[in-house]
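# Give me coordinates for this.
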Amino acid sequence: MLGGSNRIKGYFDVNITKGYKQLEIRSPREIENYENEWKEIWCCAVYMRQQREKLSEKLSKMTKEEIVDYFKKQKSMNTIKPSA
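Next up, the predicted model:
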């Protein structure tokens, strides 16, 4: 019976012989860490989409001039100024 690293080498050899790409073989612990990273990224993406939808809804009811004024006001309120 093949050991862990020999088994992986065997999979790679078969894939290369058949003309396939090498597979990325990970341990269950690596998969768990990978899933946790993706959950954080996913939560950020969901939040960004929610904020974009809110802004789109708000802007869809404004004229071009109102939109320009809105962003000018937002810029003046959110600009971080360096301290002396």
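# where are the low-confidence patches of the protein?
1-11, 15, 22-23, 25-27, 30-35, 78-84 (pLDDT under 70).
# same thing but 90
Applying pLDDT under 90 to the chain picks out residues 1-49, 71-84.
# And the helices in it, which stretches?
4-18, 28-60, 64-78 (DSSP state H).
# mind putting these in JSON lines, mean neighbour count included?
Every residue, glycine included, has its C-beta placed from N, CA and C. Shown next, in JSON lines, are these (neighbours: other CB atoms under 10 Å):
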{"stretch": "helix 4-18", "mean neighbour count": "11"}
{"stretch": "helix 28-60", "mean neighbour count": "10"}
{"stretch": "helix 64-78", "mean neighbour count": "10"}
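# What spatial separation is found between residue 64 and residue 41?
For residue 64, the distance to residue 41 (CB to CB, to the nearest Å) stands at 35 Å.
# cool, residue 28 as well?
Residue 28 is 20 Å from residue 41, by CB to CB.
# Residue 55 too?
For residue 55 relative to residue 41 (CB to CB), the value is 21 Å.
# what does residue 65 give?
Separation of residue 65 from residue 41 (CB to CB) stands at 37 Å.
# Residue 12 now?
As judged by CB to CB, residue 12 and residue 41 stand 29 Å apart.
# do residue 58 as well
From residue 58 over to residue 41 the distance is 26 Å, taken as CB to CB.
# Please apply the same query to residue 53.
Note on residue 53: its distance to residue 41, by CB to CB, is 19 Å.
# what's the answer for residue 49, then?
Noted for residue 49: a distance of 13 Å to residue 41, by CB to CB.
# Who are the contact partners of residue 19?
Contact partners of residue 19, counting by CB atoms under 8 Å, 6 or more residues apart in numbering, are absent.
# Could I get the phi/psi values of it?
phi 90, psi 10 (degrees, to the nearest 10).
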